[in-house]
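K.L.:
predicted model follows, preceded by the sequence.
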Amino acid sequence: MKSSATRNANVRSIENGWRLEIQKGDSQGYRDAQLDDYFGLPRRKFPHHSLTLSLRARASSISIPGTWGFGLWNDPFGMSLGFGGNPFRLPALPNAVWFFSASAQNYLSFTDDKPSKGFLAQSFRSPKFHPRLISAGLTLPFSRKTARSLLRKVIDEDSSALSVDVTQWHGYRFEWSPKRVLFYVDDIQVFESPVSPKPPLGLIIWIDNQYAAFTPEGKIGFGVLANPEPAWIEITDLSLSGARPLKKQH
């Protein structure tokens, strides 16, 4: 597994796990600490299909500016041009399953009836391409609300807000199968979704000070946020059942 961090962020080993931290700072710079197992791979070679992910985690605060989480995704927003050892990779529609935390500035849902911020159990399922995307692309400069409606018809999405004190140690697990995803906190099932993402996916654990919003009114916003205090997450006892053994890489 590969660790990476921007300036003013770091990933370091702790007993049986990792601590991912971003330093305090203003809204002029992007800060990100990340672990993943797809570095240098094209999407078609991401390593994971159906599996069970489990770990223990805690965070420095219940209200960290930006986003953080852990799970699996297809890195849909990557814009690598081949630098830094990564292959050329254009944006794609999202396929993901994860525990995800988003601060109040975010609106990370294409639906109007699902939670879009807070601490979530969440999954996305999307095709590689859909004809409606042509219409969405054509209407985006003129009617973002219409474009959002079109995307909602293409992207299947499901989520549930979780009432968890994330500053305390908890066990998190999801069981991803082709037909459904089951989410557990401390071995108690908290959510079940029929929205199962399309493989292959890569493991992602991160914390950053970024936000993104695409509201029901069609307003789009994105950028970075100030961190009045250092923010961190700690991860231990990571296990991917049915996957190849993980190795730390630095």
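P.N.:
Structure received. Keep in mind that what you see is a predicted model, and the values were worked out from it rather than measured. Numbering: from 1, shown residues only.

K.L.:
what about the longest helix along the chain, distance to the chain center?
P.N.:
Across the chain, the longest stretch assigned as helix under DSSP state H is helix 144-154. Chain-centre distance of helix 144-154: 21 Å, with C-alpha atoms, centre = their mean, to the nearest Å.

K.L.:
again, but for stretch 214-227
P.N.:
With C-alpha atoms, centre = their mean, you get 16 Å for stretch 214-227.

K.L.:
end to end, how far does that stretch reach?
P.N.:
From the first residue to the last, stretch 214-227 extends over 22 Å; the measure is C-alpha to C-alpha, to the nearest Å.

K.L.:
in it, what's buried?
P.N.:
214, 216, 224-225, 227 (16 or more other C-beta atoms under 10 Å). For the C-beta atoms, the positions are set from N, CA and C on the backbone; glycine is no exception.

K.L.:
most widely separated two among those residues?
P.N.:
Maximum pairwise distance in the buried residues of stretch 214-227, criterion C-beta to C-beta, is 28.1 Å, between 216 and 227.

K.L.:
can you check the pLDDT for the nearest residue to residue 109 once chain neighbours are set aside?
P.N.:
Nearest residue to residue 109, sequence neighbours excluded (C-beta to C-beta, 6 or more residues apart in numbering): residue 116, at 3.8 Å. pLDDT, residue 116: 89.

K.L.:
please report how far residue 116 lies from residue 62.
P.N.:
From residue 116 across to residue 62, the span is 17 Å (C-beta to C-beta, to the nearest Å).

K.L.:
what about those two, which has more around it?
P.N.:
Using other C-beta atoms under 10 Å, the more surrounded residue of residue 116 and residue 62 is residue 116, with 20 against 12.

K.L.:
can you name the residues bridging to residue 159?
P.N.:
residue 122 (DSSP bridges).

K.L.:
so what's it up against?
P.N.:
By C-beta atoms under 8 Å, 6 or more residues apart in numbering, the residues touching residue 159 are 109, 114-115, 120-123, 193.

K.L.:
how about TSV for these, with neighbour count added?
P.N.:
TSV is the format used below for the contacts of residue 159 (neighbours: other C-beta atoms under 10 Å):
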residue	neighbour count
109	23
114	15
115	18
120	23
121	27
122	29
123	29
193	20
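
K.L.:
closest to residue 23 out of these?
P.N.:
residue 120 (25.6 Å).

K.L.:
show me what the helix or strand containing that closest one is packed against.
P.N.:
According to DSSP states H and E, residue 120 maps onto strand 118-125. Secondary-structure packing of strand 118-125 (3 or more C-beta pairs under 8 Å, 6 or more residues apart in numbering; DSSP states H and E): strand 96-102, strand 156-161, strand 188-193.

K.L.:
which one of those strands lies closest to residue 232?
P.N.:
Closest approach to residue 232 among the helices and strands packed on strand 118-125 (C-beta to C-beta): strand 96-102, 12.6 Å.

K.L.:
other SSEs contacting that closest one?
P.N.:
Counting contacts by 3+ C-beta pairs under 8 Å, 6+ apart, strand 96-102 is packed against strand 67-73, strand 118-125, strand 170-176.

K.L.:
alright, that wraps it up for me.
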